[in-house]
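> With the input below, show me the fold.
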Amino acid sequence: MSKLPRREFLKSSTTMLSVGASLPMTTQNGAAMSRRKFASFQQQRRRELWNLLGDLPFQHKPRQTRLLQTEKGNGYTLEHLELDLNGIEPVPAVLLIPNRRQKPAPGLLYIHAHGGTYELGKEELLKGRKVLPAYAPVCVEKGIVALAIDSWCFSERKRIANGSLGEMDTFKLMLWKGQVLWGMMMFDEFQAVNYLLSRAEVDHKRVGAFGLSMGATKAWWLAALDPRIRLCIDLCCLTDYEELIKIKNLKGHGIYYYVPGLLKHFQTHQINELVVPRPHLSLNGRRDLLTPPAGVERVRNHLLPLYRRHGREEDCRVELFDCGHEETPEMRQQVLAWLDEHLVKIGGK
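The predicted structure is shown next:
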């Protein structure tokens with residue numbers, strides 16, 4: 001996706017009123033579109049989605065990345081970086097480069113979770129967490145170059161001792177400035193993709209997004225917003241908004257999650273249809289109140305006909321497991337298989 005200045009987003013939203021309003025929005029009508037018309041529909045809706053995310057610094061020209069430290073691990077090199085993504089504050093990041101890899105290698109934007117653990121950000125790639133064993137060994141074994149950044153308010157971007165208070169203050173201040181915290185989070189991840197693609201080690205045609213919980217929501221939003229993401233893998237956060245309202249669990253998601261006016265324009269399935277026909281794996285827990293099962297099934301039932309019409313049905317898998325908010329060993333096996341099929345082996349000899 002090319003970078004679009006804010007004025008272009010505003011112009012495109014005007015176009016949506018005259019042209020996009022006549023486009024079908026439902027599953028049945030959407031499935032009846034030709035592939036070309038559906039792609040055009042997605043492009044227009046993608047711009048509309050960006051427009052809901054507040055004032056974003058698309059005009060910012062990033063300064064040169066700072067390499068802070070390089071360390072050697074078991075089968076990999078780890079670069080500690082400071083990225084200039086937004087022009088407001090520097091963004092600490094780590095880049096994991098496996099010693100054994102294809103040239104160019106598949107790339108992965110690893111997006112960390114929330115969980116109220118404000119001290120844990122990009123390090124999740126290396127350390128994992130209680131509900132998610134670390135993915136660094138997976139990337140090393142499969143030769144995947146992985147980039148992880150600290151999200152706003154996390155790890156080295158945690159500005160005060162009370163992380164929850166810091167997040168709330170950031171959310172409020174951004175609203176006053178015409179910004180949306182979720183929008184600024186997504187902008188940073190979008191810019192991080194730009195950086196990942198700038199690396200000579202990375203194959204531009206094989207970049208995926210992965211995350212659990214907040215990282216999962218970011219992964220499917222990012223894949224919807226940015227067609228450069230070839231593979232989307234999200235764990236434990238495919239939340240249908242109306243179903244979340246129905247079970248009265250808005251409190252389950254943090255303040256960062258809420259975008260002003262979103263439901264006037266998009267439901268979860270309508271964001272996810274912007275990923276079609278690119279491969280999308282979504283694994284969720286049936287006992288997870290953050291992802292009500294009825295909502296997961298609604299999203300799945302919306303997406304599968306679109307994949308059948310515009311791509312391959314087997315490239316969409318949305319599943320429920322008998323677990324809570326966690327990755328199970330069975331989930332991990334599916335993730336490994338999808339990484340192989342859709343990132344690693346497609347570039348192999």
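> just the strands in the chain please.
66-73, 76-83, 91-98, 105-111, 145-149, 202-212, 231-235, 280-285, 316-321 (DSSP state E).
> any chance of the ones you listed in CSV, plus distance to Tyr118 and mean pLDDT?
(C-beta placed from N, C-alpha, C; glycine too.) Formatted as CSV, these follow (distance: least, CB to CB, whole Å; pLDDT from 0 to 100):
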stretch, distance to Tyr118, mean pLDDT
strand 66-73, 21, 97
strand 76-83, 19, 98
strand 91-98, 14, 98
strand 105-111, 16, 98
strand 145-149, 15, 98
strand 202-212, 16, 98
strand 231-235, 20, 98
strand 280-285, 23, 98
strand 316-321, 28, 98
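> can you pull the contacts of the closest residue to Leu147 other than its chain neighbours?
Closest residue to Leu147 apart from its sequence neighbours, by CB to CB, 6 or more residues apart in numbering: Leu196 at 4.7 Å. By CB atoms under 8 Å, 6 or more residues apart in numbering, the contact set of Leu196 is 107, 109, 145, 147, 202, 207.
> measure Leu196 to Ala224 for me?
Separation of Leu196 from Ala224 (CB to CB, to the nearest Å) stands at 18 Å.
> Then His112?
Relative to Ala224, and taking CB to CB, His112 is found at 19 Å.
> which residues touch Val145?
95-98, 101, 105-108, 139, 196, 199, 201-202.
> So what touches stretch 161-173?
For stretch 161-173, contacts defined as CB under 8 Å, 6+ apart pick out 116, 118-119, 152-154, 158-160, 181, 254-256.
> what's the average pLDDT for that stretch?
Across stretch 161-173, the average pLDDT comes to 97.
> before we move on, what about stretch 127-138?
98.
> for it, how far is the first residue from the last?
One end of stretch 127-138 to the other measures 12 Å (CA to CA, to the nearest Å).
> try stretch 213-233
End-to-end distance of stretch 213-233 (CA to CA): 11 Å.
> next one: stretch 85-100
Stretch 85-100 end-to-end distance (CA to CA) = 29 Å.
> Buried ones in that stretch, by neighbour count?
Within stretch 85-100, the residues that count as buried by 16 or more other CB atoms under 10 Å are 85-86, 90-98.
> Please produce JSON lines containing those, extended by distance to Met174.
What follows is the buried residues of stretch 85-100, written out as JSON lines (distance: CB to CB, whole Å):
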{"residue": "Leu85", "distance to Met174": "15"}
{"residue": "Asn86", "distance to Met174": "12"}
{"residue": "Pro90", "distance to Met174": "18"}
{"residue": "Val91", "distance to Met174": "16"}
{"residue": "Pro92", "distance to Met174": "20"}
{"residue": "Ala93", "distance to Met174": "21"}
{"residue": "Val94", "distance to Met174": "26"}
{"residue": "Leu95", "distance to Met174": "28"}
{"residue": "Leu96", "distance to Met174": "30"}
{"residue": "Ile97", "distance to Met174": "34"}
{"residue": "Pro98", "distance to Met174": "37"}
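> taking those as a set, which two sit the farthest apart in space?
Asn86 and Pro98 (28.7 Å; CB to CB).
> Now do the contacts for the residue lying closest to Leu56 once chain neighbours are set aside.
Here the nearest residue to Leu56 in space, its sequence neighbours aside, is Phe187; by CB to CB, 6+ apart that works out to 4.9 Å. Phe187 makes contact with 53, 56-58, 85-86 under the criterion CB under 8 Å, 6+ apart.
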